[in-house]
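A.B. asks: sequence first, then the predicted structure:
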Amino acid sequence: MAIIFPFFILWNQTQQAGIDFTMISAKAVTGENPYACVGDIKMPNGFSRTSSEKNSFAAWLRTLQLKKSKIVYLYNGLPKRNQTAQFAVLNISIGNKDLQQCADAVMRLRAEYLYAQKRFGEIIFRDNNSKEYKLGVPIDRKHFDKYLNYVFARCGTLSLEKQLKPLNNLSNLHPEMS
């Protein structure tokens with residue numbers, strides 16, 4: 001309580017003075033992102049990208065478009081408070097509800113990849129009780145987005161952990177999907 005109380009007083013005083021922390025941090029992000037897609041980002045010295053098969057998850061991830069702006073916006077259109085944590089911003093939907101968090105971002109990427117590959121029957125997520133949520137019909141963007149909102153409200157980090165297969169050896173770690 002001693003830590004929260006002084007912070008609240010400082011925050012309250014800045015709010016009364018008309019200071020908006022959100023806009024301060026958003027203005028701190030300077031310059032435009034020079035990369036068009038993930039695959040354009042240069043690797044650090046001594047590193048190289050692994051080869052990937054055409055239409056693989058890794059190949060698809062490398063084609064994801066990046067926004068010119070480095071500012072991250074929340075579902076409600078406001079910039080997030082901390083604008084120093086990102087290098088680049090994917091040009092991908094996060095929806096307009098406060099549902100996509102943590103593991104949901106990975107779940108979205110998997111679903112978006114399978115949707116782009118027209119592998120609709122493989123778009124399945126399970127909740128903590130192992131109840132399956134499959135993409136139904138009609139198969140269109142509007143229904144897909146509604147389905148993801150439904151999934152994000154019911155599935156998350158714990159349920160995703162139950163779906164994934166553990167690796168015993170990190171040298172086997174790669175961005176491919178089975």
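C.D. replies: Structure received.

A.B. asks: what's the pLDDT at the residue most central in space within the chain?
C.D. replies: For the chain, the residue nearest the mean C-alpha position is A105 (3.3 Å; CA atoms, centre = their mean). A105 is assigned 90 on the pLDDT scale.

A.B. asks: so it versus G39, what's the distance?
C.D. replies: According to CB to CB, to the nearest Å, A105 and G39 sit 19 Å apart. All C-beta spots, glycine's among them, are computed from the backbone N, C-alpha and C.

A.B. asks: cool, and N82?
C.D. replies: Distance of N82 to G39, computed by CB to CB: 27 Å.

A.B. asks: so for the two, which residue has more residues nearby?
C.D. replies: G39 (15 against 12; other CB atoms under 10 Å).

A.B. asks: how distant is the helix or strand containing the residue nearest to the centre of the chain from the center of its chain?
C.D. replies: Here A105 sits within helix 103-116, counting by DSSP states H and E. The chain centre lies 9 Å from the centre of helix 103-116; the measure is CA atoms, centre = their mean, to the nearest Å.

A.B. asks: got the CA coordinates for that helix in PDB?
C.D. replies: This file holds the C-alpha atoms of helix 103-116, laid out as PDB (Å, rounded to 0.1, in the frame of the first residue of the first chain):
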ATOM      1  CA  ALA A 103      -0.800 -16.300 -25.500                       C
ATOM      2  CA  ASP A 104      -3.700 -14.900 -27.500                       C
ATOM      3  CA  ALA A 105      -1.100 -13.200 -29.800                       C
ATOM      4  CA  VAL A 106       0.400 -16.600 -30.600                       C
ATOM      5  CA  MET A 107      -3.000 -18.100 -31.000                       C
ATOM      6  CA  ARG A 108      -3.900 -15.300 -33.500                       C
ATOM      7  CA  LEU A 109      -0.700 -15.900 -35.500                       C
ATOM      8  CA  ARG A 110      -1.400 -19.600 -35.700                       C
ATOM      9  CA  ALA A 111      -5.100 -19.000 -36.700                       C
ATOM     10  CA  GLU A 112      -4.200 -16.300 -39.200                       C
ATOM     11  CA  TYR A 113      -1.600 -18.600 -40.800                       C
ATOM     12  CA  LEU A 114      -4.100 -21.500 -41.100                       C
ATOM     13  CA  TYR A 115      -6.700 -19.100 -42.400                       C
ATOM     14  CA  ALA A 116      -4.300 -17.800 -45.100                       C
END
